[in-house]
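# Here's a sequence, model it:
(one chain, ligands or ions: 1)
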Amino acid sequence: MSTEERGFSSRELTSIGVFTVLATLIGIGAYQIGFHRISGVQQGAGAAMSASQGPAPVNGQALYAGNCAGCHGANAAGGIGPALTATAAWSADQFKEAVLHGKAPEKELAPTMPRFATTGIDASPATDEQLNAIHDYITSLK
Ligand code: HEC
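Residues are numbered from 1 along each chain as shown. The predicted structure is shown next:
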């Protein structure tokens, strides 16, 4: 047999062929998985870098949920504190006075309502941007 002369039986040649094809396929698969991993990591790093370039966007709904909803209820429908539907008509300055200092247009608010000038929002001094975002969120509830 001619294959015998070269040292391999035809059966051995078949196994070598199958093995080579499988090894190649596995190699390509592993390479692609590795490639996607690496490019995924690079994309993640890029996103993290661009996110750290500016301040985090202010989300009025999240600020409301974290600082006000416990008393004023989901959707500002009321709870321990009153519904804030009337508040939606207030100007941004009136809203700020009420939230920061407890001074509503027509009355001094009861001490149960925190003075956010003192307590801060999310434990940091409240910014105009945050107060406007919360006011916008309350105004958006209908
Ligand atoms: C610990 C409970 C509590 C938390 C937290 C709280 N409030 Fe209040 N809030 C009250 C209470 C009670 C009143 C009613 C006080 C009164 O009528 O004298 C009130 C009143 C108000 C008013 C006046 C409403 C009106 O019609 O007179 C506004 C505006 C207001 N809160 C906004 C907010 C915002 C915005 C937040 C979150 C940044 C917040 N409150 C967090 C308890 C709370």
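
# of all the residues in this protein, which ones are close to the ligand?
Within the chain, the positions adjacent to the ligand are 67-68, 70-72, 80-82, 84, 86-87, 98-99, 104, 109-110, 112-114, 116, 134 by Cβ under 6 Å from any ligand atom. The C-beta positions use only the backbone N, C-alpha and C, and glycine is treated the same way.

# how does it look with 5 Å?
67-68, 71, 81, 86-87, 98-99, 104, 109-110, 112-113 (Cβ under 5 Å from any ligand atom).

# Of these, keep whichever come out buried.
67-68, 81, 87, 98-99, 104, 109, 113 (16 or more other Cβ atoms under 10 Å).

# which of the residues of the chain next to the ligand sit farthest apart?
Greatest spatial distance among the residues of the chain next to the ligand (Cβ to Cβ): Asn67 and Ala86, at 19.2 Å.

# Could you list the domains of this structure?
Domain assignment of the chain by automatic domain parsing yields the ranges 2-51, 60-140.

# In the chain, where is pLDDT below threshold?
Applying pLDDT under 70 to the chain flags the ranges 1-6, 13, 16-54.

# for it, what spans make up the helices?
Ranges of helices within the chain are 2-5, 10-51, 60-67, 69-72, 92-101, 116-119, 128-140, based on DSSP state H.
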